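Participant: Next one to model:
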Amino acid sequence: MPAPAANKRVKNKRISRNIIIGSEAWNLPPVGHPDRPKNIPDDHTKRWTVYARQPEGDPSLTTWLNKVQFKIFNTYENPLRTCENPPFEVTETGWGGFTVDIRLHFQPISGEKAQYRQHFLQLEKYGDEKLQAQQEKTGCVRSEFLEVVQFNEPTEALFEALTSEDQWNYLLPATAKGGKKAAMMGVGPNGRPKRGFPNGERSAQLPEKGGEDVPFSQEQEMTLIQTIREKIGEVGKELEEESKRRAETEEKLKALRTELGHEAAQQAAQQASGDRSRRR
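Facilitator: Numbering: from 1, shown residues only. This next block holds a predicted model:
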């Protein structure tokens, strides 16, 4: 049987993979504190990590991901950081947030171009009171999002890798063997299957329903999409109202200019008349 081709495409097939893009930030001890690490600028108040991580229980990230490049703020030494092996992350210290450009490079067998993502480095507490209280308690400000990478009509070589049992082997103990079947025996502390085992079956897609061990699901995704749509609608209404208020203000200003211009003309005419009278 011939080996799968690295350039021939599998028609009418699409495979998706999940990746978590996020960051974590912790407070640094103040200047002079014995626990403060050495050689850190005095104005740096946070230690942070920006990362691209594999969701728990998902197929191995390195099956399709070759390396990750992080473009951090240009005041840092060597702002373009390349991670060729897990963990795909960069840790630094600083005092303010900024947008990190992230470039995902796929395995050569994919024949795919790199894809770009962006993530804002959140250093300060955010969200509602409950979330901020949790951040205060743990001392960690975490901001992350689930991204979906889709391979439309993948190469034969990539398709074989993404459907191989070997991508589950990392879940097994070092002494275990048996590929996908053995990997499916991995369960959480409560005896339930970990995320990635919806209804006891492996899937590369998001499970339909959420749960204690399912941090991301299609149901949660649709809820988030609906929330975003509602927020977009609210912003649209606010913009419309603001446009109306602006138009009304401009009309008032126009009327005031007209009125003030007429009075100013009269005053100038009266002043000129008075000057002529005095000269006589």
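Participant: ok, residues contacting the helix or strand hosting residue 93?
Facilitator: Following DSSP states H and E, one finds residue 93 within strand 88-94. The contact list for strand 88-94 (Cβ atoms under 8 Å, 6 or more residues apart in numbering) reads 28, 37, 40-41, 44-53, 61, 65, 67-68, 70, 72-73, 76, 81, 83, 123. The C-beta positions use only the backbone N, C-alpha and C, and glycine is treated the same way.
Participant: The stretch 51-200 of the chain: strands as residue ranges?
Facilitator: Here the stretch 51-200 of the chain has its strands, by DSSP state E, counting those that start in this stretch, at 65-71, 80-83, 88-94, 99-106, 115-120, 140-152.
Participant: quick one: average confidence on the last one?
Facilitator: The reference is to strand 140-152. Average pLDDT, strand 140-152: 95.
Participant: Return the set of buried residues in that strand.
Facilitator: Using 16 or more other Cβ atoms under 10 Å as the burial criterion, the residues of strand 140-152 that qualify are 141, 143-144, 146-147, 149, 151.
Participant: Partner strands of it, with direction?
Facilitator: If you go by DSSP bridges, strand 140-152 pairs up with strand 14-27 (antiparallel).
Participant: could you give the angle of the partner strand to strand 99-106?
Facilitator: 140 degrees (axes from the mean of the first three to the mean of the last three Cα atoms, to 10 degrees).
Participant: Please spell out which residues along strand 14-27 are buried.
Facilitator: 15, 17-25.
Participant: returning to what we had before: hmm, which of the contacts of strand 88-94 are the buried ones?
Facilitator: Among the contacts of strand 88-94, those scoring as buried are 28, 40, 44-53, 61, 65, 67-68, 70, 72, 81, 83, 123 (criterion: 16+ other Cβ under 10 Å).
Participant: Give me the pLDDT for the residue lying closest to residue 142 once chain neighbours are set aside.
Facilitator: Excluding the flanking residues, the one nearest residue 142 by Cβ to Cβ, 6 or more residues apart in numbering is residue 24, at 4.9 Å. Looking at residue 24, its pLDDT reads 97.
Participant: so residue 24 makes contact with residue 135?
Facilitator: No. The criterion here is Cβ atoms under 8 Å, and residue 24 misses it with residue 135 at 10.4 Å.
Participant: which residues are in contact with both of those two?
Facilitator: Common neighbours of residue 24 and residue 135 (Cβ under 8 Å, 6+ apart) are 141-142.
Participant: on that earlier part again, from the buried residues of strand 140-152, pick the one nearest residue 98.
Facilitator: Closest to residue 98 out of the buried residues of strand 140-152 is residue 143 (12.9 Å), distances taken as Cβ to Cβ.
Participant: who's in contact with that closest one?
Facilitator: 22-23, 119-120, 122, 126.
Participant: For those residues, give me TSV that also has distance to residue 96.
Facilitator: As requested, the contacts of residue 143 are exported to TSV (distance: Cβ to Cβ, whole Å):
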residue	distance to residue 96
22	18
23	13
119	15
120	11
122	11
126	14
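Participant: residue contacts, the spatially closest residue to residue 87 that is not a sequence neighbour?
Facilitator: Leaving aside its sequence neighbours, residue 87 sits nearest to residue 51 (Cβ to Cβ, 6+ apart; 6.8 Å). Residues in contact with residue 51 (Cβ under 8 Å, 6+ apart) are 20-24, 87-90.
Participant: For the buried residues of strand 140-152, give me a markdown table that also has distance to residue 259.
Facilitator: Output for the buried residues of strand 140-152, formatted as a markdown table (distance: Cβ to Cβ, whole Å):
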| residue | distance to residue 259 |
| --- | --- |
| 141 | 54 |
| 143 | 53 |
| 144 | 57 |
| 146 | 59 |
| 147 | 58 |
| 149 | 62 |
| 151 | 67 |
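Participant: Specify which member of the residues you listed is nearest to residue 253.
Facilitator: Nearest member of these to residue 253, counting by Cβ to Cβ, is residue 143, at 42.6 Å.
Participant: per-residue confidence at the residue nearest to the closest one when sequence neighbours are not counted?
Facilitator: Nearest non-adjacent residue to residue 143, counting by Cβ to Cβ, 6+ apart: residue 122, 3.9 Å away. Residue 122 carries a pLDDT value of 96.
Participant: and what of residue 93?
Facilitator: At residue 93, pLDDT is 97.
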